[in-house]
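> let me see the structure of the following:
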Amino acid sequence: MPHDVTLLTTIAAGLGLAFGLGLLAARLKLPPLIGYLLAGVIAGPFTPGFVADAGLASQLAEIGVILLMFGVGLHFSIADLLAVRGIAVPGAVAQIAAATVLGALVSHLWGWSWGTGIVFGLCLSVASTVVLLRALEDRGILDSIDGRIAVGWLIVEDLVTVLALVMLPALAGALGGSEAAGAAAQGGAAGRSLFATLGITVLKVAGFLVLMLVFGRRVVPWLLGRVVGTGSRELFTLAVLAVALGIAVGAAALFDVSFALGAFFAGVIVSESDFSHEAATNALPLQDAFAVLFFVSVGMLFDPAIIVRQPLELLAVVLIVMIGKSIAAFFIVLAFRYSVHTALTISASLAQIGEFSFILAALAVALGLIPPAAQSLVVAGALISITLNPFVFNAIDPVMRWLESRRDVVGALERPVTLDTALPVETDQRLHDHVVLVGSGRVGEPVARELIEHDIPYVVIEASRDVAERLRSQGFTVILGDATRLDVLQAAHLDSARLVIVAAPDAYQARVMLARAHQLNPGVEVILRTHSDEERQFLEEMGAARALVSERELAVSLTREALRRFEVDADMEKVAARTLYTHPSG
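Model prediction:
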């Protein structure tokens, strides 16, 4: 070729291999992330054939990290975290601590130092947000209480990771890494005391945060507003990327903080503006492309021979990620008086590691905190755990059915709910021929308000303590508890209810609620929310009065509005019947 095309061939090979293997993974019902990592393995120096330029791949990966962290900041939701803070914050911190201790103990048996083991354990403690969100969406439980807890839990893990990325360079010497590398990462000199290094790091981070909060939250929205005023989509996309990359690089150059931290706060600042949705939409294609290159570059660092050289170490990593973390999370959730099903869901959500583990491991190798073999173990553990994670989720329902057949086991695991199930005497006496409403989110709360408006007796069952307290402060009649538990349903007087409405989106909860309702009150009518025609048919065969598919109900409303605009005098009952029960391909 007439000129150097190393960059072009690296990008072309990386994206081409990632596309082919990602597509294969998707066809096998596996996360495409596995294909991206395998693409890196093929293009890496440890396998025969084409070898991509590792230096260029590393720089492209840095752009991927910046855009990944910018996306995390852009979608960071204080409201989501605060809604489940009572369990998400202490639960995530305790689970990270447990996984870190496990990793340190096991690696110490291999002859590694305690400092190396702590950092290695930290790499194994953080689950992949990308994998979790896809798993929750595929199962239609993202908006359920279990889904909200899992997302809040991951938000806390992300924040802990951001903090670790800031503190690791400062602690490199104390943990047994390279003091020179740590000092270089901090823009200082080796030989400082630990407290001096930490103090300088905290001051630099504080200075960056003050600059972002005082000036960034004013300048960035103003800038994006001016660009929107031009009407140019291309300029807006360039502005978003310039903000993400510019703040990340500027934070590293001026305050010696990581690219990741700078990009994260750039995303947080943009998320507070009126243009956050458009920014996310416009930046998404480039974010996805460079994130893929990041995963490819991680795969290039993986030496497949480690599977043969260190099979027991790899097995230990997989057990820590998929068993150790999950058991810790399971008992932590139960300790907060949530149901066994919620505990199993959170455990399955955390039984994998991903992008943040890679970022932590790469930084730790650069600082001399962990050996390259540890990074290969992290990548291998991620490949295996992400591959097996869908099967872990699929095992939740069979495990619950087995436990349900042994109520003594469930009773021993679940702490009795003795608080917040009692209702005021006047309310308790009024609960006859009433509505039991399960779930009070975006669907359930408007239903409750209409029941109040029409003076229909009701009681809400809500699993989130924070949400229950908020509703009570607004005058709602609420029982705090898991609606799949008989004692909670008995407290709601379901045996004398006329109607049960399950507004929560959890498919498992809907099935159990239907069975429990007919167990306590065979004549009660049950209306449920579901996400597929197959599930609707199954629930109605089980005895549900109605099972409403969200998308079908939306189709009815859209059809009604369309016919109204054209002044068509249609029989909406017939239109609804056709829309709700005709298969889309029929």
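
> can I get stretch 110-120 in PDB, CA atoms only?
Written as PDB, here are the backbone C-alpha positions of stretch 110-120 (Å, rounded to 0.1, in the frame of the first residue of the first chain):
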ATOM      1  CA  TRP A 110      -1.700 -18.700  45.100                       C
ATOM      2  CA  GLY A 111       1.200 -16.800  46.700                       C
ATOM      3  CA  TRP A 112       0.100 -13.300  45.700                       C
ATOM      4  CA  SER A 113       0.500 -10.400  48.100                       C
ATOM      5  CA  TRP A 114      -2.500  -9.100  50.100                       C
ATOM      6  CA  GLY A 115      -2.400  -5.800  48.100                       C
ATOM      7  CA  THR A 116      -2.500  -7.700  44.800                       C
ATOM      8  CA  GLY A 117      -5.300  -9.900  46.200                       C
ATOM      9  CA  ILE A 118      -7.400  -6.900  47.300                       C
ATOM     10  CA  VAL A 119      -7.200  -5.300  43.900                       C
ATOM     11  CA  PHE A 120      -7.900  -8.600  42.100                       C
END
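
> list the buried ones in it?
Within stretch 110-120, the residues scored as buried using 16 or more other Cβ atoms under 10 Å are 112-113, 115-120. Bear in mind the C-beta positions are built from the backbone N, C-alpha and C, glycine included.

> list of residues touching it?
100, 103-108, 168, 174-177, 313, 360, 364, 369-371, 374, 378 (Cβ atoms under 8 Å, 6 or more residues apart in numbering).

> turn the buried residues of stretch 110-120 into JSON lines, columns for pLDDT and distance to Ala515.
Below are the buried residues of stretch 110-120 laid out as JSON lines (pLDDT from 0 to 100; distance: Cβ to Cβ, whole Å):
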{"residue": "Trp112", "pLDDT": "93", "distance to Ala515": "51"}
{"residue": "Ser113", "pLDDT": "92", "distance to Ala515": "54"}
{"residue": "Gly115", "pLDDT": "91", "distance to Ala515": "52"}
{"residue": "Thr116", "pLDDT": "92", "distance to Ala515": "51"}
{"residue": "Gly117", "pLDDT": "94", "distance to Ala515": "47"}
{"residue": "Ile118", "pLDDT": "93", "distance to Ala515": "47"}
{"residue": "Val119", "pLDDT": "93", "distance to Ala515": "48"}
{"residue": "Phe120", "pLDDT": "95", "distance to Ala515": "45"}
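
> quick check: which element contains Thr281?
Assessed by DSSP states H and E, Thr281 sits inside helix 276-300.

> walk me through the domains of this protein.
For the chain, automatic domain parsing gives the domain ranges 60-290+312-370+385-398, 425-581.

> of those domains, which stretch is the most buried?
Of all the domains of the chain, domain 60-290+312-370+385-398 has the most neighbours on average by mean count of other Cβ atoms under 10 Å, namely a mean of 20.

> export stretch 377-393 to PDB, keeping only CA atoms.
The C-alpha trace of stretch 377-393 is given here as PDB (Å, rounded to 0.1, in the frame of the first residue of the first chain):
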ATOM      1  CA  LEU A 377      -8.200 -14.600  34.500                       C
ATOM      2  CA  VAL A 378     -10.600 -11.600  34.800                       C
ATOM      3  CA  VAL A 379     -11.300 -11.700  31.000                       C
ATOM      4  CA  ALA A 380     -11.800 -15.500  31.100                       C
ATOM      5  CA  GLY A 381     -14.000 -15.200  34.100                       C
ATOM      6  CA  ALA A 382     -16.100 -12.600  32.300                       C
ATOM      7  CA  LEU A 383     -16.400 -14.700  29.200                       C
ATOM      8  CA  ILE A 384     -17.600 -17.700  31.100                       C
ATOM      9  CA  SER A 385     -19.900 -15.900  33.600                       C
ATOM     10  CA  ILE A 386     -21.600 -13.800  30.900                       C
ATOM     11  CA  THR A 387     -22.100 -16.900  28.800                       C
ATOM     12  CA  LEU A 388     -23.700 -18.800  31.700                       C
ATOM     13  CA  ASN A 389     -25.700 -15.800  33.200                       C
ATOM     14  CA  PRO A 390     -28.800 -16.400  31.000                       C
ATOM     15  CA  PHE A 391     -29.000 -19.900  32.300                       C
ATOM     16  CA  VAL A 392     -28.700 -18.600  35.900                       C
ATOM     17  CA  PHE A 393     -31.700 -16.300  35.300                       C
END
